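Enquirer: Predicted model follows, preceded by the sequence.
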Amino acid sequence: MTNFPLHTPETAPEDTLPLFENSQKAFGMIPNLHAVMGASPSLLEAYQVVHGLFMKTSLSADEQTVIWQTINVEHECHYCVPAHTAVANMMGVDKQISDALRDNTPLPEKLEALRDFTLKMLLKRGQVSEADVTEFLAAGYNQQNILEVILGLSQKVMSNYVNHVAGTPLDAPFQVFDWSPSKA
């Protein structure tokens, strides 16, 4: 596999530097995912913009975490599961919800419906059935939420795929939340 460097402000393309500043402000560091993405300022910018937009959705922190972690676990992303566990902690998500997502165990009913719909959207590549949509809406969600699941999915495809191809090493602050598919 190609060795992807972890860029720093000294090695990254010039257009990446303001994006690294955004990362530093948001996380107090440049996460390794961002350091890898730094080789492509366009990708890093897209990731940051989509992340910011997803954070502004109508979904609660718990619901955002369900979408992120459902996709991370299904994609078996060695980096994003621990990173989003740390993010969930910063967002005040209940540890039981994080653990259920990481371990693929049941969630409270409405959140389980969100996980189920997110998985269907992912596995069916967006070609969910009318019954899938009806079931999701019956759980208390709406059409806006369907579109927000798609937004979250687009963010996770960027990060999960980068981590798979680059073998992004886990940052020290995330190592306490280390995860592998065999642990789920």
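Expert: Received the coordinates, thanks.
Enquirer: pretty sure Phe174 contacts Val81?
Expert: No. Using CB atoms under 8 Å, Phe174 makes no contact with Val81, being 9.3 Å away. Glycine gets a C-beta too; all of them are placed from N, C-alpha and C.
Enquirer: ok, the two, which is more surrounded?
Expert: Per other CB atoms under 10 Å, whichever of Phe174 and Val81 has more neighbours is Val81, with 28 against 22.
Enquirer: Just give the closest residue to that one, not the sequence neighbours.
Expert: Nearest non-adjacent residue to Val81, counting by CB to CB, 6 or more residues apart in numbering: Trp179, 4.1 Å away.
Enquirer: Now do the contacts for the one you found.
Expert: If you count contacts by CB atoms under 8 Å, 6 or more residues apart in numbering, Trp179 has them with 78, 81-82, 85, 102.
Enquirer: Pick the one among these closest to Leu43.
Expert: Nearest to Leu43, judged by CB to CB, of the contacts of Trp179 is His78 at 19.3 Å.
Enquirer: which residues sit in contact with the spatially most central residue of the chain?
Expert: For the chain, Trp68 is the residue whose C-alpha lies nearest the centre (CA atoms, centre = their mean; 3.9 Å). Neighbouring residues of Trp68 by CB under 8 Å, 6+ apart: 80, 84, 87, 152, 155-156.
Enquirer: and Asn3, helix, strand or coil?
Expert: With DSSP: H, G, I helix; E, B strand; the rest coil as the basis, Asn3 sits in coil.
Enquirer: that older thread, most neighbours among the contacts of Trp68, please name it.
Expert: Going by other CB under 10 Å, His84 tops the contacts of Trp68 with 29 neighbours.
Enquirer: Now the residue nearest to that one when sequence neighbours are not counted: which helix or strand?
Expert: Leaving aside its sequence neighbours, His84 sits nearest to Trp68 (CB to CB, 6+ apart; 4.8 Å). Using DSSP states H and E, Trp68 sits in helix 61-74.
Enquirer: Next SSE downstream of that helix?
Expert: helix 80-91.
Enquirer: neighbouring contacts of that next one?
Expert: Helix 80-91 is contacted from outside by 31, 33, 61, 64-65, 68-69, 72-73, 95, 97-98, 102, 156, 159-160, 163, 170-171, 173-179, using CB under 8 Å, 6+ apart.
Enquirer: Now do the strands for this protein: every range, in order, please.
Expert: Along the chain, no segments are classed as strands by DSSP state E.
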